[in-house]
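*Asks:* Curious how this folds, go ahead:
(2 chains)
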Amino acid sequence: MAEGESLESWLNKATNPANRQEDWEYIIGFCDQVNKELEGPQIAVRLLAHKIQSPQEWEAVQTLTVLEACMKNCGRRFHNEVGKFRFLNELIKVVSPKYLGDRVSEKVKTKVIELLYSWTVALPEEIKIKDAYQMLKKQGILQHDPQIPVDKTLIPSPPTHPKNAVFEDNEKSKLLARLLKSKNPEDLQEANKLIKNMVKEDEARMQKITKRLNTLEEVNNNVRLLNEMLAHYSKEESTEGDKELMTELYDRCEKMRRTLFKLASETEDNDNSLGDILRASDDLSRAINSYKKIVQGQAINGDLDLPEPPKPSVSSEASNTETLIDLAGLDIPSVKTNSTAAPVFPIIPPPPHVSNDPSSRSATLSNVAKQPPSSIGLLDVELLSLGLNDPPSNSEIDKDSGGSLWNSFQTEPIALNPFTGPSAADGQVSSMTPLLASVPQTLSQSTAQPLLPFPGVSLVPHTPATPQLSNTAPTISSVPQPNLTSMLQPHSLGSRIPGAPLHSNACNQPTLSNNFRELDMLGQKVLGEVKGVTGIVSGAPMGSGYSTPSAAPGSPLFRSLSPQPSSPLRSAFPDMSLSNVTVPLEMIKPSSVLPVTAYDKNGFRILLHFAKDCPPARPDVLVIVISMISTSPLPITNVVLQAAVPKTMKVKLQPPSGTDLTPFNPVQPPASITQVMLLANPLKEKVRLRYKLTFMMGQQSCSEMAEVDQFPPAEKWGYL
Amino acid sequence: MDYLCFRAFCCKGPPSPRTEYDVVCVGLTGSGKSSLLTQLCSESTDSIIPTTGFSIKAVPFQNAILNVKELGGADNIRKYWSRYYQGSQGVIFVLDSASSEDDLETARNELHSALQHPQLCTLPFLILANHQDKPAARSLQEIKKYFELEPLARGQRWILQPCSVENMDAVREGFNQFISLLEEIDQEHIPSRI
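*Replies:* Take a look at the predicted model:
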């Protein structure tokens, strides 16, 4: 089989009316070429659509066979192209009497309908195919679903089903057995054909495997060579020849990365091969990045000349997926992605949601990163479609990346303090409070999220984003909260921020504020995305990043944000919005109402204290101070509280004072976390609050869900 | 009734319909399966190419017709052999007596798996040591020894017949023996046969 032939030539050979019988060499060759080319599927469907409409019946029939083979062999990329109306319309034209239906032979029409039907069965996610089929049915062009023999429905589903080959095999063998048993000569012919097809498919599969092995080996060699050269590289000393070689290697690496992605999407094997491919692509990306960094002297991720953090832990986590490389580069001053800092995010983000993140995240990053966003996004999409990453691991990645971003914000208040002092910061912050409250909304990227099973989850208002952050897909956003309380409780800050050296580091870099601002934006975006559990408002401890913009009121970011009105709101209850309401802790006066225990297990207690007054101008809002205490001998970390209320109310959680509780020491006062919760209940209904609590006790992660309904009656709010 | 009278009086009635037996024919590629069968059917062997897939031939003999399912022997098809075993009453194994050591070893392995295959182990085997006309052909004794037929196929019915396409008589001889084996088994299964 000659390599490098065009798609058209393959297809012509495969569908040549002069063929005596179907020529599988060419058919498989065509499929391979489709997989090889970047635009393969797009071009292929155009060519196929044209040929299917050929007046020569044998040509059209062969084309349909090629189409079928491509559906089986060319993976999701091809399915997507077929599932577009551009192609489906061509198929419809073939069967519809309004267009070509009358001139086309019955055989072709039947086959087309069979194919369409089999795709509606095998590819339920391609809704357009279903639509097209339903339309044909409705118009009476076809009466009932065709009876398709078992093997026709065996379009291998996209590579999420590694067992597919086995399943297919069983079906085929049953069919074969049946055919062979019968005495009917036609059946035997059919069996013969089936066997031949199976053999051909086997061969194709073997070829794919060898190709993959070869590609992987090539990748490894190239990566190794490039890394070696980079190690010995120095601007002055390296020879011209070396530099040229490195450039060539770099180009080849880029090309191979694309090939690897294609391979990854095609592979329907077990996880081993996929793991190899991914590892190889990781290596490639790393090599490419090092090349860029060293040779081209560019900082990765947008000219942020950030000191590389000396932490092996993050880099090892970064090797989870390549997406982390970009974010890890932003990960400057965070030395420890210790568990205290990182995981603020619910462990729940469902996979389809997360799949949005990398692409949107990478879209953002593309502004700052030199890497093509598509490559990162593609890999993640592929990863997710391959079901390799379970939600926890993915969320972990997000946690890490988000966490790393948060860590960088963490240092900002430290930088702040020496400059402005805590009191000044306080003063600034409190005046900025309402403005800051609107910051997260504007920054948060919203994506459509499936709801957690909380009854009557209240909607959180969504404000449109600033032009700086292209806010696409606005549906419902979650509201990450600024860590105002952290500002207001400088003591707790001290306990949380790890490592004095960070302070000096941060302080000594005056350019950081600028950089932090960008990080800010990115962080907000990421935070917003990953948070995206609709309607569940959770507190975020690390909002301290905002304090930097607040400290620099002249910063353009802030100015553009401040005049932002907090509307149009998406919620159905606009007067309930808590987006502009924030109550700092020291303004809260305790009421005479006894606190309510919301949770008490294993020494971990959560109490709800009700404040005496309502927030100014909001008599419908109840202020609750949540205090979490631990008398447990195990350290409690990564505490995340999420709350939900019925639709007629609204709840807002301000950032907690922290997320960790040190183990109980009888000599010292017990560790505690304080969090302010605002509850808006304009309709004065009975309050039912559902909360979800996640935390790590020692090494074990725990998750609790419960409801609290012992709230003071709504009439009394403000006079408690 | 008429028929019986006819027989009683004439001692030779219309020839009873020849029994048909389904057999499967396997062997490495190039061992000569297609050629032999084609010749047995008195067809020309000029246009024979390696079988991809399988072919079915009804080979007539004097007192039986063998429906032979002949499977391709190439590497990529060999793994599908087992799918054809269902419903067979006998096995014909063709090997090239003059092939290389490696090939002979492969053939031996295949024969052994066939002999031990659950669907075939109770069936009679006709082993044709083909290509006897070539100088490098191993003799009957050598084949028997090399393929360990005696120890391995003990308890099974098998016939080892050296032959070549040049000498169809030997082939027919082998087949006739084979058919008698098949008939024996048939009669065992139907004890009270009139």
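*Asks:* for chain A, what are the nearby residues on chain B?
*Replies:* B:52-56, B:69, B:76-77, B:80, B:83-84, B:86-87 (Cβ under 8 Å from any Cβ of the partner chain). C-beta here means a position set from N, CA and C on the backbone, and glycine is covered the same way.
*Asks:* want to throw these into CSV with pLDDT and secondary structure?
*Replies:* Shown next, in CSV, are the residues of chain B next to chain A (pLDDT from 0 to 100; DSSP: H, G, I helix; E, B strand; the rest coil):
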residue, pLDDT, secondary structure
B:52, 78, coil
B:53, 78, coil
B:54, 80, strand
B:55, 83, strand
B:56, 83, strand
B:69, 86, strand
B:76, 80, helix
B:77, 81, helix
B:80, 80, coil
B:83, 77, helix
B:84, 80, helix
B:86, 80, coil
B:87, 80, coil
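*Asks:* so which pair among those residues is furthest apart in space?
*Replies:* Spatial extent of those (Cβ to Cβ) is set by the pair B:76 and B:87 at 23.7 Å.
*Asks:* Count the neighbours of residue A:656 for me.
*Replies:* 27 (other Cβ atoms under 10 Å in any protein chain shown).
*Asks:* make that residue A:145, sorry
*Replies:* Neighbour tally, residue A:145, other Cβ under 10 Å: 14.
*Asks:* show me the contacts for it.
*Replies:* Residues in contact with residue A:145 (Cβ atoms under 8 Å, 6 or more residues apart in numbering or on different chains) are residue A:117.
*Asks:* Need the pLDDT of it.
*Replies:* On the pLDDT scale, residue A:145 is placed at 75.
*Asks:* Repeat that for residue A:629.
*Replies:* Reported pLDDT for residue A:629: 90.
*Asks:* where's it, which helix or strand?
*Replies:* Assigned by DSSP states H and E, residue A:629 belongs to strand A:621-630.
*Asks:* before we move on, what SS does residue A:679 have?
*Replies:* strand (DSSP: H, G, I helix; E, B strand; the rest coil).
*Asks:* what residues are up against residue B:183?
*Replies:* Residue B:183 sits in contact with B:19, B:63, B:64, where contact means Cβ under 8 Å, 6+ apart.
*Asks:* what about the second one, neighbour count?
*Replies:* For residue B:63, the count of nearby residues is 13 (other Cβ under 10 Å).
*Asks:* what ranges do the helices span in chain B?
*Replies:* Applying DSSP state H to chain B gives helices spanning B:2-10, B:33-40, B:75-78, B:101-116, B:140-146, B:149-152, B:168-189.
*Asks:* chain center to the last one, what's the gap?
*Replies:* Computed by Cα atoms, centre = their mean, to the nearest Å, the separation of helix B:168-189 from the middle of its chain amounts to 9 Å.
*Asks:* quick one: average pLDDT of it?
*Replies:* On average, helix B:168-189 scores 84.
*Asks:* what angle separates it from helix B:33-40?
*Replies:* Angle of helix B:168-189 versus helix B:33-40, following axes from the mean of the first three to the mean of the last three Cα atoms, to 10 degrees, is 90 degrees.
*Asks:* What residues sit buried inside helix B:168-189?
*Replies:* B:171, B:174, B:175, B:178, B:179, B:181, B:182, B:185 (16 or more other Cβ atoms under 10 Å in any protein chain shown).
*Asks:* What number of residues are in the vicinity of the closest residue in space to the fourth one that isn't next to it in sequence?
*Replies:* The spatial neighbour of residue B:178 that comes closest, neighbours along the chain excluded (Cβ to Cβ, 6 or more residues apart in numbering or on different chains), is residue B:126 at 4.1 Å. A count of neighbours around residue B:126, defined by other Cβ under 10 Å, yields 25.
*Asks:* Can you give me the end-to-end span of stretch B:22-36?
*Replies:* End-to-end distance of stretch B:22-36: 17 Å, with Cα to Cα, to the nearest Å as the criterion.
*Asks:* centre of the chain versus it, how much separation?
*Replies:* 8 Å.
*Asks:* could the contacts of residue B:183 go into CSV alongside distance to residue A:179?
*Replies:* Output for these, formatted as CSV (distance: Cβ to Cβ, whole Å):
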residue, distance to residue A:179
B:19, 24
B:63, 30
B:64, 25
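*Asks:* out of the residues you listed, who's nearest chain A?
*Replies:* Among these, residue B:19 lies closest to chain A (Cβ to the nearest Cβ), at 15.4 Å.
*Asks:* The helix or strand following the strand holding residue A:629 relative to strand A:621-630, how many degrees between them?
*Replies:* Downstream of strand A:621-630, the first helix or strand assigned by DSSP H and E is strand A:636-644. Calculated by the same axes, to 10 degrees, strand A:636-644 forms an angle of 160 degrees with strand A:621-630.
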